[in-house]
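**Q** here is my input; please provide its structure:
(chains A and B)
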Amino acid sequence: MTAYTATVTVRLKRGVLDPEAETTQRALERLGFELEDLRSADRFEIDLDAESAAAATDRADEMAERLLANPTIHDYEVEVTQR
Amino acid sequence: MTVAVIQFGGSNCDRDSVRALDHLGIDAERVWYEDGLPADATGIMLPGGFSYGDYLRAGVMAARTPIMADVREAASEGVPVLGVCNGAQIGCEAGLTPGAFTINRSARFQCERVHVRVENADTPWTRAYDEGDVLSLPIAHGEGRFEASDETYDRLVDEDRILLRYCDADGAVTEAANPNGSRGNVAGILGDRDTVAVMMPHPERATLPDLDGTDGAGVLRGFEAALAEA
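**A** Next comes the predicted model:
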């Protein structure tokens, strides 16, 4: 078994309204910053042991499918590194 | 008949729901989610609140509890299921109904009275009304914006599964009358069977005569209507 960290990034699908990001962008603009757009995302860092990087990825994929992301509004990506 | 009002950690409309149902002569009892679904439950209500502090997404933690597998099975067998507010979020997250309820367009929690139009009166939950009737109901949510893919939304419309839409006092479905940015002003939808419904407005807060209006009583009477039709 090898120790991995699976990083799952969950973000809203393109086109889905993100009121919190819009509010954050307006707050930055009120502070005087210039910016074009702002998107936010949730990042989960999951430490786990697995037989291989592929197995770790599969497990993190299933975590995203079953809990971390909602397919109606979210896309997600999984990145696995040895720790 | 006994309607099981399922109480999760953080539910806070469970007592109100039981009281409103009792007022209508519909026997109801609170059921702690860990105690499992009573075998003799003739209806299931998922009440409002903030189950698990709305962690991750409103409703998702409660949707993954073991009792929800029993609720899904009961729903597929025709037991009437009504999800209100956090119960609606739980219902969508559990797959009882399609789509998702997510953060309001305002990014704020909104507690106010709204008008909703009955889009389909041929369901147990709306049998007491006529299509086009305008109801005054309270909302109290931060994550009530209905989202669905084009395909899902079109299917809901085609199959007449939109139950309620936000509207103005005259019944016009307008952007100005949409409190949270919901797609198509959707306030409530039906599951695969019309005995399963979820909605963000609170019918149980508009049932007791001393609470300013009883427009919601007909929705709760859906538990009786569903059994009468079964």
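**Q** now for B:Arg205, how many residues are close by?
**A** 23 (other C-beta atoms under 10 Å in any protein chain shown). Placement of C-beta: from N, CA and C, glycine included.
**Q** A:Leu28 too?
**A** Applying other C-beta under 10 Å, I find that A:Leu28 has 13 neighbouring residues.
**Q** that's a helix at B:Ile139, yeah?
**A** No. Under DSSP: H, G, I helix; E, B strand; the rest coil, B:Ile139 falls outside any helix and is assigned strand.
**Q** neighbours of it, how many?
**A** Count around B:Ile139 with other C-beta under 10 Å applied: 22.
**Q** quick one, what contacts it?
**A** B:Cys85, B:Gln110, B:Cys111, B:Glu112, B:Arg113, B:Val114, B:Pro179, B:Asn180, B:Met200, B:Pro201, B:His202 (C-beta atoms under 8 Å, 6 or more residues apart in numbering or on different chains).
**Q** now those: which count as buried?
**A** Those of those that meet the buried threshold are B:Cys85, B:Val114, B:Pro179, B:Asn180, B:Met200, B:Pro201, B:His202, by 16 or more other C-beta atoms under 10 Å in any protein chain shown.
**Q** can you tell me which of the residues you listed are in strands?
**A** The strands, defined by DSSP state E, take in B:Val114 from the buried ones among the contacts of B:Ile139.
**Q** chain A: which of the buried ones among the contacts of B:Ile139 is nearest?
**A** B:Asn180 (9.5 Å; C-beta to the nearest C-beta).
**Q** would you list the phi and psi of the closest one?
**A** phi -130, psi 0 (degrees, to the nearest 10).
**Q** pick out the residue of chain B closest to chain A.
**A** For chain B, C-beta to the nearest C-beta, closest residue to chain A: B:Ala107, 3.6 Å.
**Q** hang on, that residue is in a helix, isn't it?
**A** No. Remark: B:Ala107 does not belong to a helix; assigned using three-state DSSP, it is coil.
**Q** which ones are touching the closest residue to B:Thr126 other than its chain neighbours?
**A** Closest residue in space to B:Thr126, ignoring its immediate chain neighbours: B:Val118 at 5.1 Å, by C-beta to C-beta, 6 or more residues apart in numbering or on different chains. Neighbour list for B:Val118: B:Thr126, B:Tyr129, B:Asp130, B:Glu131, B:Gly132, B:Asp133, B:Val134, B:Leu135, B:Leu163, B:Leu164 [criterion: C-beta under 8 Å, 6+ apart].
**Q** burial measure for the last one, as a count.
**A** Neighbour count of B:Leu164, defined by other C-beta under 10 Å: 28.
**Q** check the second one too.
**A** The burial count assigned to B:Tyr129 is 19, neighbours taken as other C-beta under 10 Å.
**Q** list the residues that contact it.
**A** B:Tyr129 neighbours (C-beta under 8 Å, 6+ apart): B:Val118, B:Ala121, B:Leu135, B:Gly218.
**Q** ok, 10 Å please
**A** B:Tyr129 sits next to B:Arg117, B:Val118, B:Asn120, B:Ala121, B:Thr123, B:Leu135, B:Leu164, B:Asp215, B:Gly218, B:Val219 when contact means C-beta atoms under 10 Å, 6 or more residues apart in numbering or on different chains.
**Q** closest approach to chain B from chain A, which residue is it?
**A** For chain A, C-beta to the nearest C-beta, closest residue to chain B: A:Pro19, 3.6 Å.
**Q** excluding its backbone neighbours, what's nearest that residue?
**A** A:Pro19 sits nearest to B:Ala107 (C-beta to C-beta, 6+ apart), 3.6 Å away.
**Q** partner residues bridging A:Thr7?
**A** Going by DSSP bridges, A:Thr7 is paired in beta bridges with A:Glu45, A:Glu79.
**Q** ok, it touching A:Asp42?
**A** No. In this structure A:Thr7 lies outside contact range of A:Asp42 using C-beta atoms under 10 Å: 11.1 Å.
**Q** wait, what's in contact with the nearest residue to A:Ala60 once chain neighbours are set aside?
**A** Spatial nearest neighbour of A:Ala60, excluding adjacent residues (C-beta to C-beta, 6+ apart): A:Ala6 at 3.6 Å. Shown in contact with A:Ala6 (C-beta under 10 Å, 6+ apart): A:44-48, A:50, A:53, A:56-61, A:63-64, A:78-81, A:83.
**Q** 6 Å instead?
**A** Contact analysis of A:Ala6 by C-beta atoms under 6 Å, 6 or more residues apart in numbering or on different chains lists A:Ile46, A:Ala56, A:Ala60, A:Val78, A:Val80.
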